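# Okay, here's the prediction I keep looking at, along with the sequence it came from:
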Amino acid sequence: MKTLYLMRHGQTIFNQQKKIQGWSDSPLTEFGRKQAIISGQYFSKNNIVFDGAYSSTSERASDTLELVTKTDYSRVKGLKEWNFGSLEAEHEYLNPPLPYKDFFVAFGGEEEAQFQERVSETIFELMKAEQGECIMMVSHGAACRQFMRKWAHTSDIDQKKPLGNCCILKFEFAEDQFRLLEIINHDFSVITESSS
């Protein structure tokens, strides 16, 4: 059995400005960097040591991972966020109500099923190939949500919980099946406006 910690990146400038952020990128805010550091402390306090680590090729994900752990890691395109096409970097009010389904295809973006399959297949292949037992991956909000939905049938965890910045999804992986064990949303109230 292996354990996967799948994590969303820290807050970015686009998150702060409420802009659609998929394959486009924006840097972590100072608040986002501190979120990542607090998340790293969670792993340290619980004596969790990673045998392998991966991040999306987006800089906001790799920067988050580097603040969480000093473990060597690989950047993997398959862990990237949903491609929102020409709506990238536009304001979030242009998003339709959830679920998005295939709304973004008309704008040159990815189909939802295609996106879910890309992320799920990438994570599955990485976990199958990993020799170690404890693996860290940093990805994105919609990517984490789609992977969780793919394996919703194997767990009783409430799928409607929010996945905030630096949220951690803990999965066990055994016999080619993932099972969600826990959704960890940290308390970032210790980060004050003056310190961010």
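Sure thing, it's come through. This one's a predicted model, so the numbers in the text were calculated from it and none came from an experiment.

# only C-alpha atoms for contact and neighbour calcs from this point on.
Will do.

# residue boundaries of the helices in the chain?
Ranges of helices within the chain are 13-17, 30-45, 59-68, 112-129, 141-150, based on DSSP state H.

# buried set for the last one?
The one in question is helix 141-150. Judged by neighbour count using 16 or more other C-alpha atoms under 10 Å, the buried positions of helix 141-150 are G141, A142, A143, C144, R145, Q146, F147, M148.

# which one of the residues you listed is nearest D187?
Minimum separation from D187 among the buried residues of helix 141-150 (C-alpha to C-alpha) is found for G141, which lies at 17.6 Å.

# got a list of what the closest one touches?
R8, H9, E81, L163, G164, N165 (C-alpha atoms under 8 Å, 6 or more residues apart in numbering).

# Among those residues, which lie within strands?
Members of these lying in strands (criterion: DSSP state E): R8.

# Any regions of this protein where pLDDT drops low?
Within the chain, the stretches with pLDDT under 70 are 192-196.

# how about R33, what does it touch?
For R33, counting by C-alpha under 8 Å, 6+ apart, the contacting residues are G10, Q11, T64, L67.

# List the contacts of the last one.
Remark: with contacts taken as C-alpha under 8 Å, 6+ apart, L67 is in contact with R33, A36, I37, G40.

# Count the residues that sit near N83.
21 (other C-alpha atoms under 10 Å).

# Phi and psi next, for it.
phi -90, psi 120 (degrees, to the nearest 10).

# Mind putting the helices of the chain into TSV with distance to A106?
Formatted as TSV, these follow (distance: least, C-alpha to C-alpha, whole Å):
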stretch	distance to A106
helix 13-17	23
helix 30-45	32
helix 59-68	27
helix 112-129	12
helix 141-150	19
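
# I'd like to know which of those helices lies nearest to D156.
Closest among the helices of the chain, once you apply C-alpha to C-alpha, is helix 141-150, at 11.6 Å.

# Could you export that closest one as PDB, CA atoms only?
What follows is helix 141-150, C-alpha atoms only, in PDB (Å, rounded to 0.1, in the frame of the first residue of the first chain):
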ATOM      1  CA  GLY A 141      -8.000  23.200  -7.300                       C
ATOM      2  CA  ALA A 142     -10.000  21.800 -10.300                       C
ATOM      3  CA  ALA A 143      -7.400  19.100 -10.900                       C
ATOM      4  CA  CYS A 144      -7.700  17.900  -7.300                       C
ATOM      5  CA  ARG A 145     -11.500  18.100  -7.400                       C
ATOM      6  CA  GLN A 146     -11.700  16.000 -10.600                       C
ATOM      7  CA  PHE A 147      -9.300  13.400  -9.200                       C
ATOM      8  CA  MET A 148     -11.400  13.200  -6.000                       C
ATOM      9  CA  ARG A 149     -14.600  12.800  -8.100                       C
ATOM     10  CA  LYS A 150     -13.000  10.000 -10.200                       C
END
